[in-house]
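> Give me a 3D structure for the following:
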Amino acid sequence: MVHLLGISGSLRKASLNTALLNAAVAGAGDGVTLTAAGIAGIPLYDGDLEAADGVPAAVAALKEKIVAADGVILFTPEYNNSIPGAFKNTIDWLSRPSSDIGRVFGGKPFALAGASPGNFGTLLSQNAWLTVLHTLGARVWSGKRLMVSRAHTLFDGEGRLTDAATAERLDAFVAGFADFAAKG
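Sure, this is the predicted structure:
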């Protein structure tokens, strides 16, 4: 059994990326578990806060989920052609203390997916993530990235994926990444 963790990088209740993550969880195939996580409750990174109080409980909990997973999929929005600040802030916290980077990210398989109402489906955000993940020592799956364009037309009012072609692409993406993660 391959255990994957998906992290939605959006705080919005009606997030397209959270909806995409939920569709991925529902469609995970045989031999794969995909657990959903989010970034709610993580404060802005502040070195003084870290020095005074250590790593916040929400960060520590997410760290342990990453460590326990065979691989991690970042479901990233794209704001102003780049990584959303709240999501980058989460990764910054996850890299603290720096002595923990190897345990959390070192060699860990990561994949990138994203949904956007625009025509490029988080292409620029995903490109920006590559530098961050390489810096942290993650092993980024280069076999495929999933970019869902015009996503607002592919989900219903309840956040369910209604487009069969996108669901098929999503399931193939998760299965391909699970195979990559299983190889260690």
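> Tell me the strands beside the element among helices and strands of the chain having the smallest mean pLDDT, with direction?
The least trusted helix or strand in the chain, going by mean pLDDT, DSSP states H and E, turns out to be strand 146-148, with a mean of 92. Partners of strand 146-148 in the sheet, by DSSP bridges, are strand 109-115 (parallel).
> residues in contact with the next helix or strand after the strand it pairs with?
Scanning forward in sequence from strand 109-115, with DSSP states H and E defining helices and strands, the next element found is helix 123-135. For helix 123-135, contacts defined as C-beta atoms under 8 Å, 6 or more residues apart in numbering pick out 74, 76-79, 81-84, 88, 91, 105, 110, 112, 114, 140, 145, 147. (Each C-beta comes from the backbone N, C-alpha and C, glycine too.)
> Distance check, residue 112 against residue 177.
Residue 112 sits 10 Å away from residue 177, going by C-beta to C-beta, to the nearest Å.
> which neighbours do those two share?
Joint contacts of residue 112 and residue 177 (C-beta under 8 Å, 6+ apart) are residue 73.
> Flag the shaky bits of this structure, pLDDT-wise.
Applying pLDDT under 70 to the chain flags no residue at all.
> Can you pull up the most central residue in it?
In the chain, the C-alpha nearest the mean C-alpha coordinate belongs to residue 74, at 1.4 Å (C-alpha atoms, centre = their mean).
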